[in-house]
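In: One predicted model, sequence on top.
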Amino acid sequence: MNPFSYGSVVCGEYFYNRTEEISQLESDLTNGNNIILYAPRKYGKTSLINRVLENLEKKNFNTIYIDFFNVIDRNKFIELYVKKLLQKRKFSVEEIIKSFNKFVKNITPSVKFDNFGNPSFELSISERDSDTNFEDVVNLPEKWGGKKEKWIIVFDEFQEINKLNGENFEKELRANIQFHQNVTYLFLGSKTHLLLNMFRDKSRAFYNVGKFVKLKKISEKENTNFIKSRFKKFNIEISDEHIKYMLGVTENIPFYVQFLSSELWQSVISSKNKIENEDINKAIDRIIAGQSDYYLELYDKLSQYQKKLLLALIETGSEVYSKKYAEQHRLSSASSTQRAISKLIDEGIVEKEQSGFQFSDPLFKKYLKLRFKA
Ligand SMILES: Nc1ncnc2c1ncn2[C@@H]1O[C@H](COP(=O)(O)OP(=O)(O)O)[C@@H](O)[C@H]1O
Ligand SMILES: [Mg+2]
């Protein structure tokens with residue numbers, strides 16, 4: 001089995017490092033500090049939180065995880081939320097339903113049992129009822145919570161709440177959860193600027209709700225140790241220099257590090273026990289070939305100006321609004337560049353980093369380079 005995994009949440013032996021982040025988050029959350037954890041996509045937020053929640057469950061917390069990419073409207077939110085709340089409560093089914101009905105008047109969940117006798121809860125909520133139920137439902141973990149029952153609730157990709165009935169949903173959610181003593185909230189988000197706007201802007205509902213934590217990349221050293229040891233399990237040798245080269249190409253972004261390692265392992269496992277440079281180059285080529293339709297589509301839908309800017313960003317993403325930058329790359333006004341950057345960020349192609357604007361996908365950058373700059 002391939003010793004590298006990429007694509008979604010990693011767990012078990014595929015998950016490594018993050019020890020400091022785990023202990024910091026656990027300590028904050030168990031002490032009741034709300035957290036806003038942010039980083040670009042594919043840095044490992046969800047995987048990290050998954051691990052943290054596993055640990056907290058062992059310490060007897062009730063934990064709930066909601067991904068806002070799956071929430072299409074308020075009804076869906078209530079539905080998901082209630083189902084998970086009911087599932088996580090450590091009481092008999094009768095008691096759970098009874099106490100649920102006490103606090104939420106208009107919803108009656110039904111219970112099904114699987115072959116092992118485990119209950120699962122079903123409910124449907126009409127559009128008309130969603131307003132009246134919202135408050136009751138959001139306050140449920142607080143009402144249930146107490147000395148014996150602590151809840152930790154995670155909202156992943158929380159910036160997506162912006163798309164659900166604008167700021168109303170946001171306001172109502174905040175208005176209720178601000179009084180919660182027995183529930184700790186963790187907000188995760190990828191679209192950093194959107195997320196930070198929500199929490200840092202005084203006029204927004206979630207202003208000042210919690211502590212900001214920025215998730216960094218995994219260090220090169222940790223990545224090197226991991227990659228080495230995973231290949232070693234299969235008696236394949238890979239040198240520090242080769243790994244360094246891989247981390248350079250993938251810009252050390254967790255997802256792309258695993259993606260390239262996985263592809264490399266796949267291509268050498270039946271034929272080699274020592275990695276050479278050309279093996280890595282072939283693996284990169286294969287990934288890019290596999291992605292090229294997608295890359296082309298991504299590029300094609302941009303305007304001429306956005307394309308021009310994107311190609312300029314291959315060289316450098318700093319001081320992009322300067323006169324010099326515009327001259328060098330034959331761009332027009334700073335405001336046009338600003339608009340184009342906004343679009344590239346919205347499309348998830350580019351991220352804003354401290355040092356300037358960067359490609360979210362280092363292999364897309366490589367693809368463009370090969371295609372347009374070679
Ligand atoms: N701690 C980790 N150990 C191993 N791989 C990781 C780790 N964190 C992230 N990754 C890699 O990055 C990919 C994306 O992780 P994910 O948790 O979905 O990121 P995010 O939620 O930030 O988008 C994973 O599938 C895995 O390949
Ligand atoms: Mg995620």
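Out: Okay, I see it. Ligands and ions are numbered 1, 2, ... in the order given.
In: What residues does the closest residue to ligand 1 within the stretch 51-200 of the chain make contact with?
Out: Across the stretch 51-200 of the chain, the shortest distance to ligand 1 (C-beta to the nearest ligand atom) belongs to residue 190, at 6.0 Å. C-beta here means a position set from N, CA and C on the backbone, and glycine is covered the same way. Residue 190 sits next to 38-41, 45, 157, 159 when contact means C-beta atoms under 8 Å, 6 or more residues apart in numbering.
In: would you list those in a markdown table and tack on neighbour count?
Out: Below are these laid out as a markdown table (neighbours: other C-beta atoms under 10 Å):
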| residue | neighbour count |
| --- | --- |
| 38 | 24 |
| 39 | 21 |
| 40 | 19 |
| 41 | 17 |
| 45 | 22 |
| 157 | 21 |
| 159 | 22 |
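In: Please identify which of these is nearest to residue 64.
Out: Among these, residue 157 lies closest to residue 64 (C-beta to C-beta), at 15.0 Å.
In: Just the pLDDT for the closest residue to residue 189 other than its chain neighbours.
Out: Spatial nearest neighbour of residue 189, excluding adjacent residues (C-beta to C-beta, 6 or more residues apart in numbering): residue 195 at 3.4 Å. pLDDT for residue 195: 87.
In: And residue 130, by the same measure?
Out: pLDDT recorded at residue 130 is 64.
In: Whatever residue of the stretch 1-150 of the chain ends up closest to ligand 1: how many residues sit nearby?
Out: Using C-beta to the nearest ligand atom, residue 44 is the residue of the stretch 1-150 of the chain that sits closest to ligand 1, at 2.4 Å. Residues lying near residue 44 (other C-beta atoms under 10 Å) number 24.
In: again with residue 180
Out: Residue 180 has 19 nearby residues by other C-beta under 10 Å.
In: show me the contacts for the residue nearest to it when sequence neighbours are not counted.
Out: Closest residue to residue 180 apart from its sequence neighbours, by C-beta to C-beta, 6+ apart: residue 142 at 4.3 Å. If you count contacts by C-beta under 8 Å, 6+ apart, residue 142 has them with 151, 177, 179-183.
In: For residue 142, give its distance to residue 151.
Out: Distance of residue 142 to residue 151, given as C-beta to C-beta, to the nearest Å: 8 Å.
In: which residues do these two both contact?
Out: By C-beta under 8 Å, 6+ apart, the residues touching both residue 142 and residue 151 are 182-183.
In: Please identify the helix or strand for the closest residue to residue 89 other than its chain neighbours.
Out: Of all residues not flanking residue 89 in the chain, residue 96 sits nearest, at 5.1 Å (C-beta to C-beta, 6+ apart). Here residue 96, judged by DSSP states H and E, is contained in helix 93-103.
In: Can you identify the element that follows that helix toward the C-terminus?
Out: Using DSSP H and E, the first helix or strand after helix 93-103 is strand 110-113.
In: Check which helices and strands whichever helix or strand comes after that next one sits against.
Out: For strand 110-113, the following helix or strand on the C-terminal side (DSSP H and E) is strand 119-122. On a contact count with 3 or more C-beta pairs under 8 Å, 6 or more residues apart in numbering; DSSP states H and E, strand 119-122 meets helix 74-88, strand 110-113.
In: cutoff 6 Å now
Out: strand 110-113 (3 or more C-beta pairs under 6 Å, 6 or more residues apart in numbering; DSSP states H and E).
In: Can you tell me the closest non-neighbouring residue to residue 247?
Out: Excluding the flanking residues, the one nearest residue 247 by C-beta to C-beta, 6+ apart is residue 220, at 5.5 Å.
In: Help me confirm that that neighbour comes into contact with residue 248.
Out: No. If you go by C-beta atoms under 6 Å, residue 220 and residue 248 don't touch, sitting 9.5 Å apart.
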